[in-house]
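*Asks:* Sharing a model that was predicted from the sequence below.
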Amino acid sequence: MEGNDLGLLHVYTGDGKGKTTAALGLALRAWGHGMRVCIIQFMKRGEDYGEVMAMRRLNVEVFQFGSGKLIMKGKHCQEDLDCASRALELASSIMASGEFDVVILDEINVAISFDLLRCCDVLDALRTRASDVEVICTGRNAPEELRREADLVTVMTVEKHPYDGGLNARKGIEY
């Protein structure tokens with residue numbers, strides 16, 4: 001979009017709730033201003049996420065790359081590696097094309113932390129993006145190399161959380 005200084009790299013990380021939610025808020029704002037938005041979700045699959053349903057109703061491109069199974073650090077399988085690799089390949093292509101103004105790489109930080117992706121490969125993809133593409137990387141445990149590369153880093157912290165008292169995830173609030 002003319003007149004905008006797009007092309008920055010954001011990292012939303014930390015143990016607190018709200019990383020994906022913040023990225024989706026930015027996506028909604030950009031969409032509202034007529035920008036083209038793409039969301040690539042690492043380690044996620046399924047139509048039951050409220051945000052995915054909403055974004056698709058707005059004709060925002062959402063791509064999910066996950067096995068549909070819970071992945072624990074150090075206990076991934078080849079399918080998990082393949083999903084992450086395909087997601088990064090698509091992300092790299094989309095970011096380099098300049099087709100979208102805003103690209104969200106949801107949970108990419110976790111994919112790196114879980115050794116599904118190498119940080120150097122992610123950085124290569126980010127560095128070869130079109131100069132006006134704004135990118136948001138979400139997820140816990142963002143590596144220091146990615147934080148240094150970023151123009152904006154937000155760390156979400158937990159002070160108090162209802163899960164600590166036994167509350168389960170609620171449809172429409174947590175997913």
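*Replies:* Yep, that arrived.
*Asks:* show me where the protein has strands.
*Replies:* 9-13, 37-42, 61-65, 102-106, 134-138, 152-155 (DSSP state E).
*Asks:* Generate CSV for the ones you listed, with mean pLDDT as supplementary columns.
*Replies:* Putting the strands of the chain into CSV (pLDDT from 0 to 100) gives the following:
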stretch, mean pLDDT
strand 9-13, 98
strand 37-42, 97
strand 61-65, 95
strand 102-106, 98
strand 134-138, 98
strand 152-155, 98
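*Asks:* now those as CSV including mean neighbour count?
*Replies:* C-betas here are computed from N, CA, C, even on glycine. Below are the strands of the chain laid out as CSV (neighbours: other C-beta atoms under 10 Å):
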stretch, mean neighbour count
strand 9-13, 23
strand 37-42, 24
strand 61-65, 19
strand 102-106, 26
strand 134-138, 26
strand 152-155, 14
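*Asks:* May I see the ones you listed arranged in CSV, with distance to residue 115 as well?
*Replies:* Formatted as CSV, these follow (distance: least, C-beta to C-beta, whole Å):
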stretch, distance to residue 115
strand 9-13, 17
strand 37-42, 13
strand 61-65, 16
strand 102-106, 17
strand 134-138, 17
strand 152-155, 22
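*Asks:* Touching the longest helix that the chain contains from outside, list them.
*Replies:* Longest helix in the chain, counting residues (DSSP state H): helix 78-97. Contacts with helix 78-97, where a contact means C-beta atoms under 8 Å, 6 or more residues apart in numbering, come from 38, 40-43, 63, 65-67, 71, 100, 103, 105, 108, 111, 114, 116-117, 121-122, 124-126, 128-130, 133, 135.
*Asks:* Strand 37-42 and the helix or strand of the chain with the lowest mean pLDDT, what's the angle between them?
*Replies:* When each helix and strand of the chain is scored by mean pLDDT, DSSP states H and E, helix 50-57 comes last, with a mean of 90. Interaxial angle, helix 50-57 versus strand 37-42 (axes from the mean of the first three to the mean of the last three C-alpha atoms, to 10 degrees): 140 degrees.
*Asks:* other SSEs contacting helix 50-57?
*Replies:* Counting contacts by 3 or more C-beta pairs under 8 Å, 6 or more residues apart in numbering; DSSP states H and E, helix 50-57 is packed against helix 19-32, strand 37-42, strand 61-65.
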